[in-house]
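A.B. asks: Have a look; sequence and predicted model below, questions after that.
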Amino acid sequence: MDQKISIKIAERTFNLTASSPEQEEVIRLAADAINKRLEAYTRKNPGKTMVELMSMVALNECACRIFAQRDVEAQKSEAEQLGKDMANYLAKTGK
């Protein structure tokens, strides 16, 4: 069941719809992460516009997502290789 929620990012309120409690939790966590990163960039870069700061936040978050995707792909590949190695070992030992 869809639930209407409100989140605040950079002092602006956004009304959204979450399709599950899990999605609501993830949206709220994402908004918190964005606000924390925005706060840090604002302190480190006084005088930058909100567009510049939000662009830096977006770039950082996308870079983190890409790193995480690459890590997952590497772990998946490693798990597949370990499965093959185990199958070969068991085949050689006759088990």
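C.D. replies: Cool, the structure landed. Numbers count the residues shown, from 1 in each chain.
A.B. asks: tell me which strands and helices the longest helix seen in the chain is in contact with?
C.D. replies: As assigned by DSSP state H, the longest helix anywhere in the chain is helix 50-93. Judged by 3 or more Cβ pairs under 8 Å, 6 or more residues apart in numbering; DSSP states H and E, helix 50-93 is in contact with helix 21-44. Glycine gets a C-beta too; all of them are placed from N, C-alpha and C.
A.B. asks: neighbouring contacts of the helix it packs on?
C.D. replies: For helix 21-44, the surrounding residues in contact (Cβ atoms under 8 Å, 6 or more residues apart in numbering) are 3, 5, 7-10, 16, 18, 48, 53-54, 56-57, 60-61.
A.B. asks: Which of those residues has the largest number of neighbours?
C.D. replies: Using other Cβ atoms under 10 Å as the neighbour test, those are led by Val57, with 22 neighbours.
A.B. asks: For that one, give me its contacts.
C.D. replies: Counted by Cβ under 8 Å, 6+ apart, Val57 has contacts 34, 37-38, 41.
A.B. asks: Check those for burial and list the buried ones.
C.D. replies: For the contacts of Val57, a neighbour count by 16 or more other Cβ atoms under 10 Å gives the buried set as 34, 37-38, 41.
A.B. asks: before we move on, back to that, what's the spacing between the longest helix of the chain and its chain's center?
C.D. replies: Computed by Cα atoms, centre = their mean, to the nearest Å, the chain-centroid distance of helix 50-93 equals 13 Å.
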